[in-house]
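Novice: Starting from these lines, generate the structure:
(chains A and B)
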Amino acid sequence: EVQLVESGGGLVKPGRTLRLSCTTSGFTFGDYAMSWFRQAPGKGLEWVGFIRSKAYGGTTENAASVKGRFTISRDDSKSIVYLQMNSLKTDDTAVYYCSRGGWSPGFWGQGTLVTVSP
Amino acid sequence: QTVVTQEPSLTVSPGGTVTLTCASSTGAVTSDYYPNWFQQKPGQAPRALIYSASNRHSWTPARFSGSLLGGKAALTLSGVQPEDEAEYYCLLFYGGAQGVFGGGTKLTVL
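Specialist: Okay, here's the model as predicted:
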């Protein structure tokens, strides 16, 4: 059974950093691109970015709204994808979801809440 | 600033058929945009329904179908069930690198 579990969310002050993890199981992690999304309270979905599999270079793409502040990485030996979030702003407050796939995100986790507040 | 536009809300009767659309401010939506559709119910994580315009995921009921229609991506629900009441989002990829969601369509089954 495919499972994705996000962790690492919480309350953080503006300007600080946070690293989210997405721990996966039930599939060959290294074969897939992995994506991050977010949803601010009461708002729609926002694409954050994805990381390709090593077979496709392991390169990343990020939304303009987070470029230069957020970094996606992966550890294929642990089947985990990370979202490193620096210089956090109040606008980054959201539930963050990870998903298997890049252009065709399929399985999703249940999300982790990040609250950025003074 | 690229904008992806969906109908804000639609209403359909149980057993009926409804089509949701997804338009791009840059012009016609093609398969090069890898159109995806997602369903989200209150308090739940999104669930993927369609990828690459017309491909169902293994868990997607057959009453959901995706297509490209008149320069837009489209999601058609046939034989709508009460449990299909939800918010539906489309996702397009630009240059294979930048994903942009539409604002979502609130589907009411009434």
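
Novice: contacts and neighbour counts: CA atoms only from here.
Specialist: Fine.

Novice: Name the residues of chain A found near chain B, please.
Specialist: Residues of chain A found near chain B (Cα under 8 Å from any Cα of the partner chain) are A:44-49, A:61-63, A:97, A:103-111.

Novice: Point out the residues in chain B that sit beside chain A.
Specialist: If contact is defined as Cα under 8 Å from any Cα, the residues of chain B in contact with chain A are B:34, B:36, B:44-48, B:51-52, B:57, B:89, B:93, B:96-101, B:103-104.

Novice: 10 Å instead, please
Specialist: Selection of chain B residues close to chain A by Cα under 10 Å from any Cα of the partner chain yields B:33-38, B:40, B:43-53, B:55, B:57-59, B:87-93, B:96-105.

Novice: partners of A:L11 in the sheet?
Specialist: In this structure, A:L11 bridges to A:T115 when assessed by DSSP bridges.

Novice: so it makes contact with A:D92?
Specialist: No. Taking Cα atoms under 10 Å as the definition, A:L11 is not a contact partner of A:D92, at 11.3 Å.

Novice: mind listing the helices for chain B?
Specialist: Ranges of helices within chain B: none, based on DSSP state H.

Novice: center of it, which residue is that?
Specialist: Centroid-nearest residue in chain B: B:W37, 3.9 Å away (criterion: Cα atoms, centre = their mean).

Novice: how close does it get to B:Q6?
Specialist: Taken as Cα to Cα, to the nearest Å, the spacing of B:W37 relative to B:Q6 amounts to 11 Å.

Novice: repeat for A:R100
Specialist: As judged by Cα to Cα, A:R100 and B:Q6 stand 25 Å apart.

Novice: wait, what's in contact with the residue lying closest to B:G27 once chain neighbours are set aside?
Specialist: Nearest non-adjacent residue to B:G27, counting by Cα to Cα, 6 or more residues apart in numbering or on different chains: B:G71, 7.5 Å away. B:G71 sits next to B:21-24, B:27-30 when contact means Cα atoms under 10 Å, 6 or more residues apart in numbering or on different chains.

Novice: Grab the most central residue of chain A for me.
Specialist: Residue closest to the mean C-alpha point of chain A, counted by Cα atoms, centre = their mean, is A:W36 at 3.4 Å.

Novice: What distance separates the opening and closing residues of stretch B:91-100?
Specialist: Span of stretch B:91-100 from end to end, Cα to Cα: 6 Å.

Novice: same deal with stretch B:11-30?
Specialist: End-to-end distance of stretch B:11-30 (Cα to Cα): 27 Å.

Novice: average pLDDT for it?
Specialist: For stretch B:11-30, the mean pLDDT works out to 98.

Novice: Could you do stretch B:53-71 as well?
Specialist: The predicted model assigns stretch B:53-71 a mean pLDDT of 97.
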